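Enquirer: The sequence isn't on hand, but the structure is:
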Ligand code: UT7
């Protein structure tokens, strides 16, 4: 007998008896700025090309001699705890979405939970590239709904500068370092929390975006190209084609399954990959520009850090209207994609 997939179905079984609330958010970016003018000095590129093709003007980068993914993940977590009015010991789970951890063992989650004294928390990292934060939030929300956890810190953090080849102009100009965190907690009102989530993957398309560790990781069709092991390799055109279609499809699906229209939501928070990709989806779905936040001009694409960084900026600016739903959407390497619609 085949088992029907529950991915994307409404309502989640069994009927929830508790809700989930976002208590507070936090984010952190390094002070060091890498501007388009800096790239003009380093590479054969121009501010005009970068702005026109991507919308990016500058990004932030860590000092990798002393800092890493854990540094910014911890700072975002501390800020989120402060905004939530919680102590580290109130957390029972810390999840970090990242593909740029300093070490695969221990996880970033273990390191930062230990560093802040979250002694009651389980901790693990989750890897879904740029979709990572939305994946992690969906997983954590489901655990809280089901009573498996009560208070969870969900973090997206990425030290992209640690996996970039700064001689590759097609890739290095796109990315920056950033981290963001949302703290979620069980709530007696079952109507609040994630009212719809969808997560998908197509591993057959992994060659569009990958980080080879060994020569044998490089697919045959890429073998003739100059590849640096440990650095992000991307087929920009292929990712662009995938992203433009997938972004629109994922948003359309979330609106259709929830019965919401763009007018009903306070914000659609999109992964910041390229302003042209965001604009294409926005125009196809006729979403008012005021409802789709863009900060890629200031931070570039920070992979799993991008959605929680937007969420924190919007949260602090009071743009996530209480009582109104909002939507999170991301896509990325894997290939992966995810949506999450929240009733506040
Ligand atoms: O989070 C998911 C991660 N990735 C993405 O979302 C990326 C998706 N892809 C993109 O955003 C776009 O494909 C890029 C911004 C990466 C590239 O834009 P494009 O319009 O697809 O440019 P292209 O790759 O077709 O390149 C056009 C030209 C090429 O020169 P020729 O062959 O026409 O002479 C490139 O060599 O632009 C050249 N080029 C550059 N020129 C100046 C590539 N990178 C640069 C650069 N500066 N930095």
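Expert: Happy to help now that I have it. Predicted model only: the values in this text are computed from it and were never measured. Numbering: from 1, shown residues only.
Enquirer: What does residue 26 show for phi and psi?
Expert: Dihedral pair for residue 26: phi -160, psi 160, per degrees, to the nearest 10.
Enquirer: Then residue 138?
Expert: Phi and psi for residue 138, reported as degrees, to the nearest 10, are phi -60, psi -40.
Enquirer: cool, and residue 28?
Expert: Taking degrees, to the nearest 10, you get phi -150, psi 130 for the backbone angles of residue 28.
Enquirer: How about the contacts made by it?
Expert: Residue 28 makes contact with 72, 75, 76, 79, 178, 179, 180 under the criterion CB atoms under 8 Å, 6 or more residues apart in numbering. (Glycine included, C-beta is placed from N, CA and C.)
Enquirer: do residue 184 as well
Expert: The neighbourhood of residue 184, defined by CB under 8 Å, 6+ apart, consists of 20, 21, 22, 23, 137, 140, 141, 144, 151, 152, 154, 193.
Enquirer: cutoff 7 Å now
Expert: Counting by CB atoms under 7 Å, 6 or more residues apart in numbering, residue 184 makes contact with 20, 21, 22, 23, 140, 141, 144, 152, 154.
Enquirer: In strands only, show me the residues you listed.
Expert: Helix and strand membership here follows DSSP state E; of those, those in strands are 20, 21, 22, 23, 152, 154.
Enquirer: and this protein, which residues reach the ligand?
Expert: Residues of the chain lying close to the ligand (CB under 6 Å from any ligand atom) are 45, 49-50, 53-54, 130, 169-170, 173, 234, 236-237, 239-240, 243, 273-274, 301, 332.
Enquirer: Tell me the buried residues within these.
Expert: Restricting these to buried positions leaves 45, 50, 53-54, 130, 169, 173, 234, 239-240, 243, 273-274, 301, 332, with burial counted as 16 or more other CB atoms under 10 Å.
Enquirer: Counting neighbours, what do you get for the closest residue to residue 219 other than its chain neighbours?
Expert: The shortest distance from residue 219 to any residue that is not its chain neighbour, by CB to CB, 6 or more residues apart in numbering, is 4.8 Å, and that residue is residue 207. Around residue 207 sit 16 other residues, with neighbours defined as other CB atoms under 10 Å.
Enquirer: report the longest helix in the chain, please.
Expert: Taking DSSP state H as the assignment, the helix of the chain that covers the most residues is helix 236-258.
Enquirer: Please point out which parts of that helix sit buried.
Expert: Applying a neighbour-count criterion of 16+ other CB under 10 Å, one finds 239-240, 242-244, 246-251, 253-255, 257-258 buried in helix 236-258.
Enquirer: residue ranges with poor pLDDT in this structure?
Expert: Within the chain, the ranges that satisfy pLDDT under 70 run 1-14.
Enquirer: Tell me which residue is most central in it.
Expert: If you average the C-alpha coordinates of the chain and look for the closest C-alpha using CA atoms, centre = their mean, you land on residue 304, 3.1 Å from that point.
Enquirer: Would you mind measuring from the residue in the stretch 101-250 of the chain that the ligand sits nearest to to residue 208?
Expert: With CB to the nearest ligand atom, the shortest gap between the stretch 101-250 of the chain and the ligand falls at residue 236, namely 3.0 Å. For residue 236, the distance to residue 208 equals 9 Å [CB to CB, to the nearest Å].
Enquirer: what's the answer for residue 310, then?
Expert: The gap separating residue 310 from residue 208 is 24 Å, by CB to CB.
Enquirer: Neighbour count for those two, which is higher?
Expert: Set side by side, residue 310 and residue 208 show more neighbours around residue 310, with 28 against 20, by other CB under 10 Å.
Enquirer: got a list of contacts for the helix or strand hosting the more buried one?
Expert: Secondary structure here is read from DSSP states H and E; on that basis residue 310 sits in helix 306-316. With contact meaning CB under 7 Å, 6+ apart, helix 306-316 is reached by 25-27, 130, 133-134, 156, 178, 180-182, 267, 269, 271-272, 293, 295, 299, 302, 320, 328, 330.
Enquirer: Pull out the buried residues from those residues.
Expert: Among the contacts of helix 306-316, those classed as buried by 16+ other CB under 10 Å are 25-27, 130, 133-134, 156, 178, 180-182, 267, 269, 271-272, 293, 295, 299, 302, 320, 328, 330.
Enquirer: Who are the contact partners of residue 280?
Expert: Shown in contact with residue 280 (CB under 7 Å, 6+ apart): residue 244.
Enquirer: Let's see that with 8 Å instead.
Expert: Taking CB under 8 Å, 6+ apart, one finds 244, 247, 248 in contact with residue 280.
Enquirer: now, among those, which is nearest to residue 107?
Expert: Minimum separation from residue 107 among the contacts of residue 280 (CB to CB) is found for residue 247, which lies at 29.2 Å.
Enquirer: hang on, isn't that closest one packed against residue 279?
Expert: No. Between residue 247 and residue 279 no contact is recorded; they are 10.4 Å apart, counting by CB atoms under 8 Å.
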